[in-house]
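In: One predicted model, sequence on top.
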Amino acid sequence: MRRASTIALLLCLIALVQPPASLGARHDKWFEARSQNFVVVCNAGDKQARKTAVQFEQIRALFRKYLEIASEHPTPVITIMAAKDEGSMRDLLPEYWATKGHTHPAGIYFSALEQHEIALMLDAPGQNPYETVYHEYYHSLTIPYVPNLPVWLAEGLADFFGNSQVVGDKAYMGEPDDGLIYELRQNSLIPLNVLFNVDHSSPYYNESAKTSVFYAESWALVHYLMVGDKEARRPLLLAYLTALGQGATSEQAAEKSFGDLKQLQKALSRYIDGSQFYSLNAAAPAVPEADIKVRELSDAEAEAYLGAFQAIRHHPQEAEPLLQEAIQMDPNLAMAYEYLGVAQLFRGDRSAAFTSFSKAVSIDPKNALTRYFRAYLSVSQSGGLTGSDSQVEDDLRQAIAVDPNFTPPYGMLATYLAATGENLQDALKFAQKAVALEPGDSNSLLAYAQVLARMKKFDQAQTVAQIAQSAATNPGQRSNAASFLNYLQQMRTSESRSGQPNGGLSPGGPASRSANGDDATNTSRLGPEQHIVGVITQSSCTAGSPVIEVQNSSGARVVLHIAPGNALDITLSFDPPSGFSPCKLTGYRASASFTPDDASEGRGTLTALRVLGPSATNADDATAQIDEGKTSSSSDGAPSSANPTHGSPVEAEGQATDVTCNGNEMFVKVTTDKRQYTLHARNYGDLTYYDDHSGPNGKGFVPCTDLKGRTVSIIFILGEHRRWDGEIQSVEIEK
């Protein structure tokens, strides 16, 4: 989720050694330095506070320059509490000094409620004492948008960019880490085929004896691919990412992009044992110090920041006394009530937390986070979103007005409005905005799926919920997605029993609703909207919105985008693989509805997209290969379109010589130049019918009677059924 605020704590860099001092606000002067994207709170003086703000603004600018996904999205304002010495660190983290021999951390990162993140960092000796903060800052910039990177790559990239420094007018990224290199030279490497399959449940990721080797090798491989051989290997890493986007598993993508993994392992070993590690160099981003405003904090404000740190690291028993003291000193300090509410929420006292958040709102009604949490507690105390509490709606709308880039209120407001059943178009708009802000956030995707289900768009709801399940980053999100999918199946069953099969779709042709809410069919129709069917040759996300290029069988290409602030209305005709993303559709066959751009031929605005599956091979070629025994499948059993087997998507082009319907079931015989295919549809009302011209495929088109005699191109899943050759996925009516 988009964090409304983030807190990082690190030890200020100072030239003079000072004796340990109490962190109590009355013993130190604390200064606040505010830049455009950071708030630094420091007890080492106003100059150091300003210097720290400049440094983090430079790192942010550097990351956004080299991380495409980071440059496309707004970032949260981060609060950095900067303590001045080890004594200050010990007072904040006493448990790390309580036991003799206990490691004194150089950096620790905390997160809470998916809205706050705290990094505590010590100015300890070493190459880059800020590395832990930069590592986690990289994650905060990327996880909301690309949550499903393989673990080795996510951690390797975070370590690569975490080892960044700005020195004078120069910036350095991917600097060699002597500790990681030493770790690798003292231990055996993890086999790459094992490394590529490590996930968050793997012992290599969780067991302390193996974690260091896993992180070190992940960093070394990323470093080799990014910098090694004078950056000649970087295209291999880009190819790997492309393969992942097309649905390959991590190991499949590695074999396809990197070639022989044993040879890559040998090359990596030589790289680690070598004597030279390079880094990426660039000019240091310019940050005018005059843009940073510095002021001295009151005792109450300083005490509130210290209490906030303890609250966010899940220490309510230490946080509450500090925050209560801050309130005694200044009863109108909204921040103290805000973090008191957080501490009380962690302690399990939701009623007290609701009171604290309400007090914070009354003092400062322009705080998006306290508005959101008050709404959240209202909902949780009432047992769910019932659409009956006007205060909930007002809080969520006010939170959005205050901070339009803060994602959670959009999703909650969408489900709140959907619960009433009376304002579904507004609900859809807010759900789409949540997904547009953070397309990789499971909670936003699930809110979108809930609205679609309420609109009885069951197919689309299932597609989005499956993507939400794939994007889940914790067990709670996975459980929520699984529960919703079960609930969705119950809704389908209930709707079918009520006499409205297929979510209310008529058997004359599948219907949907475009992104603006207008009734639409997946066929050509009157009006400015056009359609194209073909293979997606390029796909990417800009500001969280898919941009794709589709090429049809005639070679015509159209570049398609969606309107700013909207999410793509997408349905799938297949079960998506793990890690499937609507931003990575290259190589898939699709049917797109769009409104042409007036200013540019060959470009348009998407209104709906149905992804039919991986690009299909010709049915005649596929069946010939199977007859000759020339088939294979990938290591996980997934069909390969280049070398098809049963279960692969294939395409038959010819004449529909016979069409027979029995209830919702339909059989179509297609005669090609080489043979005849008998194809089956369990429910012809669920299929996609389309053409690229104004033809018979309008609202009155009935497949059972109007399809016979037409020249068609049919995508079907090749099967082994004795009565028919495959299961129909889509039907294109040709000129």
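Out: Okay, I see it. None of the values given here were measured: they were computed from a predicted structure.

In: contacts, neighbours, all on C-alpha from now
Out: OK.

In: Report the separation between the closest residue to Leu333 other than its chain neighbours and Ala308.
Out: Leaving aside its chain neighbours, Leu333 sits nearest to Ile327 (6.5 Å; criterion: C-alpha to C-alpha, 6 or more residues apart in numbering). With distances taken as C-alpha to C-alpha, to the nearest Å, Ile327 is found 13 Å from Ala308.

In: Of the two, which one has the most company?
Out: Per other C-alpha atoms under 10 Å, whichever of Ile327 and Ala308 has more neighbours is Ala308, with 28 against 21.

In: thinking the more buried one is in contact with Ala319, fair?
Out: Yes: using C-alpha atoms under 8 Å, Ala308 is in contact with Ala319, at 6.6 Å.

In: Please enumerate the shared neighbours of those two.
Out: Residues touching both Ala308 and Ala319 (C-alpha atoms under 8 Å, 6 or more residues apart in numbering) are Leu340.

In: Quick check: Ala436 is in a helix.
Out: Yes: read with DSSP: H, G, I helix; E, B strand; the rest coil, Ala436 is one of the residues of a helix.

In: Distance check, it against Val464.
Out: 13 Å.

In: again with His314
Out: Counting by C-alpha to C-alpha, the gap from His314 to Val464 is 33 Å.

In: what ranges of the stretch 1-150 of the chain fall below the confidence cut-off?
Out: Low-confidence segments of the stretch 1-150 of the chain (pLDDT under 70): 1-27, 67-73, 99-129, 143-148.

In: Do a quick rundown of the strands in it.
Out: Per DSSP state E, counting those that start in this stretch, the stretch 1-150 of the chain carries strands over the ranges 5-11, 31-34, 38-42, 77-83, 107-112, 116-121.

In: what about Ala282, which helix or strand?
Out: Using DSSP states H and E, Ala282 sits within strand 280-283.

In: now for that strand, which elements pack on it?
Out: When contacts are defined as 3 or more C-alpha pairs under 8 Å, 6 or more residues apart in numbering; DSSP states H and E, strand 280-283 sits against strand 170-173.

In: Could I get the average pLDDT for the following helix or strand past the strand it packs on?
Out: Per DSSP H and E, strand 170-173 leads on to helix 178-186 as the next helix or strand towards the C-terminus. Mean pLDDT, helix 178-186: 84.

In: Show me what helix 178-186 is packed against.
Out: Here helix 178-186 touches helix 208-231, helix 261-273, going by 3+ C-alpha pairs under 8 Å, 6+ apart.

In: Could you list the residues in contact with it?
Out: Ser212, Val213, Ala216, Glu217, Ala220, Ile272, Asp273.

In: Would you mind giving the secondary structure of the most centrally placed residue in the chain?
Out: Note on the chain: the residue nearest the mean C-alpha position is Gly440, at 1.7 Å, using C-alpha atoms, centre = their mean. Assigned with three-state DSSP, Gly440 falls in the coil class.

In: Pretty sure Ala471 is one of the things it touches, is it not?
Out: Yes: with contacts counted by C-alpha under 8 Å, Gly440 reaches Ala471, the gap being 6.2 Å.

In: what's near enough to touch Gly307?
Out: Shown in contact with Gly307 (C-alpha under 8 Å, 6+ apart): Glu318, Ala319, Glu320, Pro321, Leu322, Leu323, Ala336, Tyr339.

In: hmm, 6 Å instead?
Out: Contact analysis of Gly307 by C-alpha atoms under 6 Å, 6 or more residues apart in numbering lists Ala319, Leu322, Leu323.

In: For the residues you listed, which single residue is the most surrounded?
Out: Ranking those using other C-alpha under 10 Å puts Leu323 first, with 31 neighbours.

In: Quickly note the distance from that one to Ala334.
Out: Leu323 is 11 Å from Ala334, by C-alpha to C-alpha.

In: Over to Ala465?
Out: Counting by C-alpha to C-alpha, the separation of Ala465 from Ala334 is 38 Å.

In: The two: which is more packed in?
Out: Using other C-alpha under 10 Å as the criterion, Ala465 and Ala334 rank with Ala465 on top: 28 against 25.

In: quick check, that one in a helix?
Out: Yes: counting by three-state DSSP, Ala465 is found in a helix.

In: tell me the pLDDT at it?
Out: According to the prediction, Ala465 has pLDDT 90.

In: can you check His680 too?
Out: pLDDT for His680: 88.

In: again, but for Ser378
Out: 86.

In: tell me which element it is part of?
Out: helix 368-382.

In: How about that helix, which residues are buried there?
Out: Ala368, Leu369, Thr370, Arg371, Tyr372, Phe373, Arg374, Ala375, Tyr376, Leu377, Ser378, Val379 (16 or more other C-alpha atoms under 10 Å).

In: Could you do stretch 264-284 as well?
Out: Neighbour counts using 16+ other C-alpha under 10 Å place Gln265, Leu268, Ser269, Tyr271, Ile272, Phe277, Tyr278, Ser279, Ala284 of stretch 264-284 among the buried residues.

In: Give the burial count for the residue nearest to the fourth one when sequence neighbours are not counted, as a bare number.
Out: The reference is to Tyr271. Counting by C-alpha to C-alpha, 6+ apart, Tyr271 lies nearest to Tyr224, which is 7.2 Å off, once chain neighbours are set aside. Per other C-alpha under 10 Å, the neighbour tally for Tyr224 reads 23.

In: For Tyr224, give its distance to Gly156.
Out: When distance is defined by C-alpha to C-alpha, Tyr224 is 11 Å away from Gly156.

In: which residues of the stretch 301-450 of the chain score low on pLDDT?
Out: For the stretch 301-450 of the chain, the stretches with pLDDT under 70 are 381-389.

In: contacting residues around the helix or strand containing Ser483?
Out: Using DSSP H and E, Ser483 maps to helix 475-497. Helix 475-497 is touched from outside by Gln469, Ala472, with contacts defined as C-alpha under 6 Å, 6+ apart.

In: That helix: which residues count as buried?
Out: Result for helix 475-497 [16+ other C-alpha under 10 Å]: buried residues Gln477, Arg478, Asn480, Ala481, Ala482, Phe484, Leu485, Leu488, Met491, Arg492, Glu495.

In: ok, so of these, who is nearest Ala414?
Out: For the buried residues of helix 475-497, the residue nearest Ala414 by C-alpha to C-alpha is Phe484; the value is 15.7 Å.

In: Tell me the pLDDT of the closest one.
Out: On the pLDDT scale, Phe484 is placed at 86.

In: what's the answer for the one 3 residues further on, then?
Out: Tyr487 carries a pLDDT score of 82 in this model.

In: Noted, bye for now.
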